[in-house]
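In: structure, please.
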Amino acid sequence: MSITSMKIILALLILNTSSGLRAQDKTSKCAAAFIDNQILVDEYTTEGQCIIDHDARGIFAIQTVQITADQCQPTGKIKFYIAIRKSKTNTLLLYTDEPLTEVPIESILSKCHHGDSLLVIVTDNHIALPHHEILIQYAQ
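Out: All right, here's what the predicted structure looks like:
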């Protein structure tokens with residue numbers, strides 16, 4: 001076997017091993033967005049949406065959740081980043097350079113305009129946040 005063939009086999013083994021390691025990287029907890037410990041998502045399913053009024057008030061946080069058949073109970077705040085998706089330019093603007101554990105929602109919403117939405121990014125790759133986009137509702 002030539003040196004080149006051995007290098008190719010070694011590279012394939014490394015790729016196979018690394019892709020196997022990525023497949024084992026699974027989320028172990030679920031999380032949801034809350035304002036004053038009230039969950040934002042209308043239903044914790046694949047169809048659920050987070051919608052808030054542009055004049056909402058309270059403490060915004062992302063919390064891990066304990067899900068049962070009839071409720072979704074917060075179990076602890078986690079670190080997150082929040083970005084504002086500007087509707088006119090489709091640009092994402094990071095709200096702060098530092099990760100947050102909670103923030104007054106009105107301070108974020110004061111930087112938003114009609115059509116904008118919020119995107120939440122968790123810092124722990126073992127936590128799933130399926131409802132990471134928050135739509136901002138304005139009066140018609």
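
In: backbone dihedrals for Glu133, please?
Out: The phi/psi pair for Glu133 (degrees, to the nearest 10) reads phi -100, psi 130.

In: I misspoke; the intended subject was Ile108.
Out: phi -80, psi -50.

In: how near is it to Pro99?
Out: According to Cβ to Cβ, to the nearest Å, Ile108 and Pro99 sit 14 Å apart. Just so you know, the C-beta spots here come from the backbone N, C-alpha and C atoms, and that holds for glycine as well.

In: ok, those two, which is more surrounded?
Out: The neighbour count for Ile108 versus Pro99, taken as other Cβ atoms under 10 Å, is higher for Ile108 (21 against 13).

In: what confidence value was assigned to that one?
Out: Looking at Ile108, its pLDDT reads 97.

In: same thing with Lys111?
Out: Lys111 is assigned 96 on the pLDDT scale.

In: what's the answer for Tyr138, then?
Out: Tyr138 is given a pLDDT of 89.

In: residue contacts, it?
Out: 54, 114 (Cβ atoms under 8 Å, 6 or more residues apart in numbering).

In: for Gln73, see how far away it is.
Out: 31 Å.

In: ok, which stretches of the chain are helices?
Out: Taking DSSP state H, the helices of the chain run over residues 3-24, 105-109.

In: by mean pLDDT, show me the worst of the ones you listed.
Out: Of all the helices of the chain, the minimum mean pLDDT falls on helix 3-24 (a mean of 48).

In: residues making contact with stretch 37-48?
Out: Here stretch 37-48 makes contact (Cβ under 8 Å, 6+ apart) with 32-34, 49-52, 58, 65, 67, 72, 74, 130-131, 134.

In: give me the below-cutoff pLDDT ranges for this structure.
Out: Applying pLDDT under 70 to the chain picks out residues 1-27, 140.

In: just the strands from the chain, written as ranges.
Out: 29-35, 38-39, 50-53, 59-67, 72-77, 80-86, 91-94, 103-104, 117-122, 127-128, 133-137 (DSSP state E).
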